[in-house]
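Trainee: generate a structure from the sequence data that follows.
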Amino acid sequence: MKNQNKTKDKFKDLESRINHAENKILKKDKKPSKNKYKYKYSFASVSYDLAGTTLGSLVIGLLLDHYFDTTPWLLVVMVLLGTASGILLLWKKQQEAEDKKDEM
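Mentor: Numbers count the residues shown, from 1 in each chain. Take a look at the predicted model:
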């Protein structure tokens, strides 16, 4: 009889702990965003990403052309790859923003 009471008490305690954890999670999800400019900064960084990938690939293309003496072919290929990767990065950030907007 005592074992049954102890088991019931353990289950009640477990249920209360689960309920407490669920409430804590729900309250955490309902908190407003601290940074209301988060999306603006995210979109501003897109221009830096696009320019950075293009300029970075330009420098790498120049160095490879100088090293292999293939002027201007590696430069052209690297700039095209850098621009494509910048556009892909732009597209991914836009998709993430749409997903976050749908969640709200």
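Trainee: distance between stretch 70-78 and the chain's centre?
Mentor: Between the centre of stretch 70-78 and the centre of its chain there are 32 Å (C-alpha atoms, centre = their mean, to the nearest Å).
Trainee: now do stretch 58-72
Mentor: 33 Å.
Trainee: from Glu103, how far off is Ala97?
Mentor: Remark: distance between Ala97 and Glu103 (C-beta to C-beta, to the nearest Å) = 11 Å. C-beta here means a position set from N, CA and C on the backbone, and glycine is covered the same way.
Trainee: these two - which one has more neighbours?
Mentor: Neighbours per residue, other C-beta atoms under 10 Å: of Ala97 and Glu103, the larger number sits with Ala97, 14 against 6.
Trainee: before we move on, which element is that one in?
Mentor: Applying DSSP states H and E as the criterion places Ala97 in helix 73-103.
Trainee: next, the buried residues of that helix.
Mentor: Buried residues in helix 73-103, counted by 16 or more other C-beta atoms under 10 Å: Leu74, Leu75, Met78, Val79, Gly82, Ser85, Gly86, Leu89, Leu90.
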